[in-house]
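J.: Sequence plus the predicted model coming up.
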Amino acid sequence: MKSTVNQSELKIRQVVQRELFKRGWCYRQLSKMTGVPVSTLNQWVNKSQHRDLHTAVEVSKTLGLSLEELLFGGSG
């Protein structure tokens, strides 16, 4: 069974901003911890760049979230 996700359903921006705020981090700190360039994170969160699985995994691991929580929101 194939599932299609509407981009508007994704909550990445809100989740990343919430988690950075909770930790007192900025994108530069997240970049250092994930190995993902700051420019990529900014573009990724602002929907101007294709979101690849590797970046999603690195960001979710670093923030201590499941992929589902990162992409669709959840407890926080």
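T.: Sure, I can see it.
J.: For Glu19, which non-adjacent residue is closest in space?
T.: Using Cβ to Cβ, 6 or more residues apart in numbering and skipping residues adjacent in sequence, the residue nearest Glu19 is Leu63, 4.6 Å away. Quick note: C-beta positions are derived from backbone N, CA and C, even for glycine.
J.: same check, this time on Gly74
T.: Per Cβ to Cβ, 6+ apart, closest to Gly74 is Glu68, 6.5 Å.
J.: And the one you found, how far from Lys47?
T.: Distance from Glu68 to Lys47, counting by Cβ to Cβ, to the nearest Å: 19 Å.
J.: the more surrounded of the two?
T.: Between Glu68 and Lys47, counting by other Cβ atoms under 10 Å, Lys47 is the more crowded of the two (13 against 10).
J.: Surely Thr40 is in contact with Thr55?
T.: Yes. Judged on Cβ atoms under 8 Å, Thr40 makes contact with Thr55 at a distance of 6.8 Å.
J.: Look at these two and report which has more neighbours.
T.: Between Thr40 and Thr55, counting by other Cβ under 10 Å, Thr55 is the more crowded of the two (18 against 15).
J.: That one in helix, strand or coil?
T.: Under DSSP: H, G, I helix; E, B strand; the rest coil, the three-state class of Thr55 is helix.
J.: Tell me how far stretch 15-31 lies from the chain's centre.
T.: Averaged C-alpha coordinates place stretch 15-31 at 10 Å from its chain's average position (Cα atoms, centre = their mean, to the nearest Å).
J.: ditto for stretch 12-21
T.: 7 Å.
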